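# when you get a sec, could you give me coordinates for this:
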Amino acid sequence: MLPIVTLDPSDTLPADGYSGTLAGRVWRPDVEGPSVVAIRADGVFDVTKSFPTMRDLCETRDPAASLKGTPGERIGTLADILTNTPPERRDAVKPWLLAPVDLQAIKAAGVTFAISMIERVIEERARGNPQAADGIRRDILRIAGIGDLKHLRPGSKEAATLKEALIAQDMWSQYLEVGIGPDAEIFSKAQPMAAVGTGMDAGLHPVSTWNNPEPEVVLAVASDGRIVGAALGNDVNLRDVEGRSALLLSKAKDNNASCAIGPFLRFFDATFSLDAVCETTVSLSVVGPDGFRLDDASYMNRISRDPRDLVAQMVGPYHQYPDGAVLFLGTLFAPTKDRDGSGQGFTHKVGDIVTVAAAELGSLVNRMRYCQDCAPWRFGTGHLARNLARRGLLA
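Reported below is the predicted structural model:
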């Protein structure tokens, strides 16, 4: 029997509670659709009449001020909505939490930490075989020297020197180009409205036997390139599939329920800034039904690429997002702890409870299941437009 996720405000909220400007989305059965909500100490307030979509709120000049200035309709307490969010605990006539984004493009930046570049090179050279990874890892770190990676900046002279050294030792990889070269890897993680939120099942493609969570900060970016807030994300990754070929990236990354974002979107205001994002620690825990436990962290102050540069490479004169975008910033985390046997490394099991957390952003909790066993994605952009129209919320 699979474990059941339990959510409550004390574990879900940021360390400073309701002090920040927190926005979310809930499913309201009474209107048969989603609503944009403000998360406040005195309850959860539906602000959809003012902001039909989260995209609309992010597009305002000052989203934090806009949300604070909108009273909204109180629809319940955060505790009640969180309790009702996990599928097995759900009363279908009461609201539950969704991922806090809707029409925005869902993008991800890969290999943004130099140390994670090493893991991508390992995946490629191991060709999907986790047993081969440990020896390859030792060889690469011997050549590169771990100290050379901590402050390495992509595109720098030092990065070029390291790249040449790895190539000279027959360690060339296409991941070197995006890991330490001038151009970032930015790809589409999922379709708009396809992300799952906290408390929901997250999906693993059943073809994979070597996979892992990727705990990340997710930036919310308006259509004009302004970075307006942040959330947490789990960029579920199939290491064996991507390792076979980088051309299989979409199969490794974009599957049903394989993108988790939440629990809320925290807008930048006097209590929270992009500088705080750049200094945050994103923690990860995996608790398995087999008794296995993994605890680790990703330290944003060790990111090799400035988040501002990543956003600038994503949106600008060469590529526009009229509904804005959210951008996964990448992770320092790459699990190497053996789970089933020596040298086999880590891989998920069905029923794993994964918690991604940060003091500034709260916690995102998901249970891992095969994609076909997770709730299918059936409510897309067209459904949203028709639902908002029926509710008289479209101008």
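
# rest of the way, CA atoms for contacts and neighbours
Noted.

# quick one: contacts for the closest residue to Lys163 other than its chain neighbours?
Sequence neighbours aside, Leu176 is the residue nearest to Lys163 in space, at 6.6 Å (criterion: Cα to Cα, 6 or more residues apart in numbering). Counting by Cα atoms under 8 Å, 6 or more residues apart in numbering, Leu176 touches Met117, Val121, Lys163.

# A helix includes Leu176, no?
Yes: counting by DSSP: H, G, I helix; E, B strand; the rest coil, Leu176 is found in a helix.

# measure it to Pro335 for me?
Separation of Leu176 from Pro335 (Cα to Cα, to the nearest Å): 20 Å.

# ditto for Val354
In terms of Cα to Cα, Val354 sits 13 Å off from Pro335.

# between the two, who's got more neighbours?
Comparing Val354 with Pro335 by other Cα atoms under 10 Å, the one with more neighbours is Val354, at 27 against 17.

# can you list the strands that whichever strand or helix holds that one pairs with?
For Val354, the host element (DSSP states H and E) is strand 353-358. Applying DSSP bridges to the sheet, strand 353-358 is found paired with strand 281-287 (antiparallel), strand 362-370 (antiparallel).

# looking at those, which is closest to Leu327?
Of all these, strand 281-287 sits nearest to Leu327, with 15.6 Å by Cα to Cα.

# dump that closest one to PDB, keeping only the CA atoms.
What follows is strand 281-287, C-alpha atoms only, in PDB (Å, rounded to 0.1, in the frame of the first residue of the first chain):
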ATOM      1  CA  THR A 281      19.400  26.700   0.200                       C
ATOM      2  CA  VAL A 282      17.100  24.300  -1.500                       C
ATOM      3  CA  SER A 283      16.900  21.100   0.600                       C
ATOM      4  CA  LEU A 284      15.700  17.700  -0.600                       C
ATOM      5  CA  SER A 285      14.500  14.600   1.200                       C
ATOM      6  CA  VAL A 286      13.400  11.300  -0.300                       C
ATOM      7  CA  VAL A 287      11.600   8.900   2.000                       C
END
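
# that strand - what's its average pLDDT?
The pLDDT scores in strand 281-287 average 97.

# before we move on, what about stretch 302-316?
Averaged over stretch 302-316, pLDDT sits at 94.

# contacts made by that stretch with the rest, please.
Against stretch 302-316 from outside (Cα under 8 Å, 6+ apart): 109, 112-114, 150-154, 184, 186, 221, 224-225, 278, 321, 327, 329, 332.

# residues of it that come out buried?
Arg302, Ile303, Ser304, Arg305, Asp306, Pro307, Leu310, Val311, Gln313, Met314, Val315 (16 or more other Cα atoms under 10 Å).

# how about those, which pair is most distant?
Among the buried residues of stretch 302-316, Arg302 and Val315 lie farthest apart (Cα to Cα), at 23.5 Å.

# pLDDT below threshold where in the stretch 51-200 of the chain?
The stretch 51-200 of the chain contains residues with pLDDT under 70 at 115-116, 118-120, 123, 127-128, 137, 140-141, 143-152, 169.

# quick one: the helices in it?
Secondary structure of the stretch 51-200 of the chain by DSSP state H, counting those that start in this stretch: the helices cover 54-58, 63-68, 78-83, 114-126, 130-144, 157-168, 174-180.

# those helices: which one's closest to Val5?
Per Cα to Cα, nearest to Val5 of the helices of the stretch 51-200 of the chain: helix 78-83, 9.4 Å.

# so what does that closest one touch, helix or strand wise?
Under the contact definition 3 or more Cα pairs under 8 Å, 6 or more residues apart in numbering; DSSP states H and E, helix 78-83 sits against helix 9-12, strand 96-98.

# tell me how far the last one lies from the chain's centre.
Distance of strand 96-98 from the chain centroid (Cα atoms, centre = their mean, to the nearest Å) equals 17 Å.

# quick one: list the elements packing against it.
strand 21-28, helix 78-83.

# likewise the first one?
Applying 3+ Cα pairs under 8 Å, 6+ apart, one finds that helix 9-12 makes contact with helix 78-83, strand 362-370.

# okay, now Cys287: neighbour count?
One correction, residue 287 is Val, not Cys. By other Cα under 10 Å, neighbour count at Val287 equals 18.

# should've said Asp290
By other Cα under 10 Å, neighbour count at Asp290 equals 11.

# who's in contact with the closest residue to Cys58 other than its chain neighbours?
Nearest non-adjacent residue to Cys58, counting by Cα to Cα, 6+ apart: Ala222, 5.9 Å away. Neighbouring residues of Ala222 by Cα under 8 Å, 6+ apart: Arg55, Cys58, Glu59, Val228, Asp323, Gly324, Ala325.

# any idea how far stretch 191-209 is from the chain center?
The answer for stretch 191-209 is 11 Å, by Cα atoms, centre = their mean.

# check which residues of it are buried.
191-205, 208-209.

# circling back to that earlier point, most tightly packed of the helices and strands packed on strand 96-98?
The highest average neighbour count among the helices and strands packed on strand 96-98, using mean count of other Cα atoms under 10 Å, belongs to strand 21-28 at a mean of 24.

# any chance of the helices of the stretch 51-200 of the chain in TSV, plus distance to Leu284?
Output for the helices of the stretch 51-200 of the chain, formatted as TSV (distance: least, Cα to Cα, whole Å):
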stretch	distance to Leu284
helix 54-58	27
helix 63-68	28
helix 78-83	20
helix 114-126	16
helix 130-144	21
helix 157-168	29
helix 174-180	23
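
# nearest to Ala99, out of those?
helix 54-58 (10.4 Å).

# can I get the closest one in CSV, CA atoms only?
Taking C-alpha atoms only, helix 54-58 is exported to CSV below (Å, rounded to 0.1, in the frame of the first residue of the first chain):
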residue,chain,number,x,y,z
MET,A,54,-1.9,34.0,-12.6
ARG,A,55,-0.5,35.2,-15.8
ASP,A,56,-2.6,38.4,-15.5
LEU,A,57,-1.4,39.0,-11.9
CYS,A,58,2.3,38.5,-13.0
